[in-house]
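[1] Fold the stuff below for me.
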Amino acid sequence: MTFPVYLGWGNWQIHPHLFFEAIAYFVAMRLLLRQVRHDAIEASQRISVIVGGLVGALVGAKLLLLLQHIDILWQNQQLLFVLLLQGKTVVGALLGGLVGVELTKKLVGVHQSTGDAFVYPLIAGTAIGRIGCFLTGLSDRTYGIPTSLPWGIDFGDGIARHPTQLYEILFLVILAGWLCWRDRTPQPAGDRFKAYLLSYLIFRWLIDFIKPNFHPWLGMSAIQVACLITLLIYRRSLMRLFRATSY
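    Numbers count the residues shown, from 1 in each chain. Below is the predicted model:
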């Protein structure tokens, strides 16, 4: 396999990252619009919350991207520009979207939890997007460190690496199945979102140890620090989640 794996036929070719990112946004938005039909807030408030989440996600994705690649901030400004234009971080988008939603809810007077409707759209969108990340190869910068394991992937530089994009897809499939299993019994409003958020942040904190990122913060990357801070903020919910899972 030669990376990036362009899609199409003949002279018509499309970059895999662009293709799967577009599919991810489409699928996630369709699922979200279907999910929010069942919430109890007014349509105008619902639209405001979604827009607030999207704006927050965009800001958070770019801001955390800057911190993640702060090592090249002054070394290669051209590469930094490309990263800002094309790159984004899922964790930054997730946390930025969370802040955007909460601020919007305060502005429009929504007091109940709205996060549950976002969970399955986020899982589906992220999993589809990671297919594009995998097929893009080295330029996507989401691959893992070198490995001697038999499933290591050569993304084009002659080095077998952990296919961390595929690890994440597998994790998201398992997470979706676990959340569906939990949904068989009534859960408090907002509990599904907290279970998703905390589980995903734990996974990202762990998986980024096998990514060749810049790790200046006590051996952690900016993404890992953001995950850890959020997990500490939600530590009570995290303990309740572990207790509920152990039963």
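[2] Not counting sequence-adjacent ones, nearest residue to the most centrally placed residue in the chain?
    With distances taken as Cα atoms, centre = their mean, the residue of the chain nearest its centroid is V90 (3.0 Å). In space, and not counting its chain neighbours, V90 is closest to T126: 5.8 Å by Cβ to Cβ, 6 or more residues apart in numbering. (C-beta placed from N, C-alpha, C; glycine too.)
[3] And for Y25?
    Nearest to Y25 is G125, by Cβ to Cβ, 6+ apart, at 6.7 Å.
[4] residues contacting that neighbour?
    Applying Cβ atoms under 8 Å, 6 or more residues apart in numbering, we find G125 in contact with A24, Y25, V27, A28.
[5] Pull out the buried residues from whatever helix or strand the residue nearest to V90 lives in.
    Following DSSP states H and E, one finds T126 within helix 119-136. Across helix 119-136, burial judged by 16 or more other Cβ atoms under 10 Å covers 119-136.
[6] And the helix or strand containing R30, what's buried?
    R30 belongs to helix 16-35 when assigned by DSSP H and E. Residues of helix 16-35 classed as buried by neighbour count (16+ other Cβ under 10 Å): P16, H17, F19, F20, E21, I23, A24, V27, A28, L31, L32.
[7] Out of those residues, which is nearest to A160?
    Ranked by distance to A160 (Cβ to Cβ), those are led by P16 at 20.4 Å.
[8] wait, what's in contact with that closest one?
    Shown in contact with P16 (Cβ under 8 Å, 6+ apart): P4, V5, Y6, L7, I131, G132, L135, T136.
[9] nearest spatial neighbour of it, skipping sequence neighbours?
    P16 sits nearest to L135 (Cβ to Cβ, 6+ apart), 3.6 Å away.
[10] For the one you found, list the residues it contacts.
    With Cβ under 8 Å, 6+ apart, L135 has these contacts: F3, P4, V5, P16, H17, F20.
[11] Which residue ranges of this protein form helices?
    Counting by DSSP state H, one finds helices in the chain at the ranges 16-35, 43-68, 77-86, 90-108, 119-136, 164-182, 191-207, 222-233, 235-246.
[12] Of these, flag the one that's most buried.
    Per-stretch averages of neighbours, counted by mean count of other Cβ atoms under 10 Å, single out helix 119-136 among those, with a mean of 22.
[13] where's that one relative to the chain centroid, distance-wise?
    The chain centroid and the centroid of helix 119-136 are separated by 8 Å under Cα atoms, centre = their mean, to the nearest Å.
[14] ok, the residue nearest to P16 to R235 distance?
    Using Cβ to Cβ, to the nearest Å, L135 is found at 37 Å from R235.
[15] can you check I128 too?
    Plainly put, I128 is 31 Å away from R235 if you go by Cβ to Cβ.
[16] likewise R243?
    As judged by Cβ to Cβ, R243 and R235 stand 13 Å apart.
[17] State the distance from the residue nearest to F134 when sequence neighbours are not counted to P16.
    Spatial nearest neighbour of F134, excluding adjacent residues (Cβ to Cβ, 6+ apart): Q165 at 3.9 Å. Q165 sits at a distance of 11 Å from P16 (criterion: Cβ to Cβ).
[18] okay, and the common contacts of the two?
    Common neighbours of Q165 and P16 (Cβ under 8 Å, 6+ apart) are I131.
[19] shouldn't I207 be in contact with L166?
    No: between I207 and L166 there is no contact under Cβ atoms under 8 Å: 11.1 Å.
[20] just to revisit the earlier point, can the contacts of G125 go into CSV with extra columns for pLDDT and distance to V59?
    Formatted as CSV, those follow (pLDDT from 0 to 100; distance: Cβ to Cβ, whole Å):
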residue, pLDDT, distance to V59
A24, 96, 19
Y25, 94, 17
V27, 97, 23
A28, 95, 18
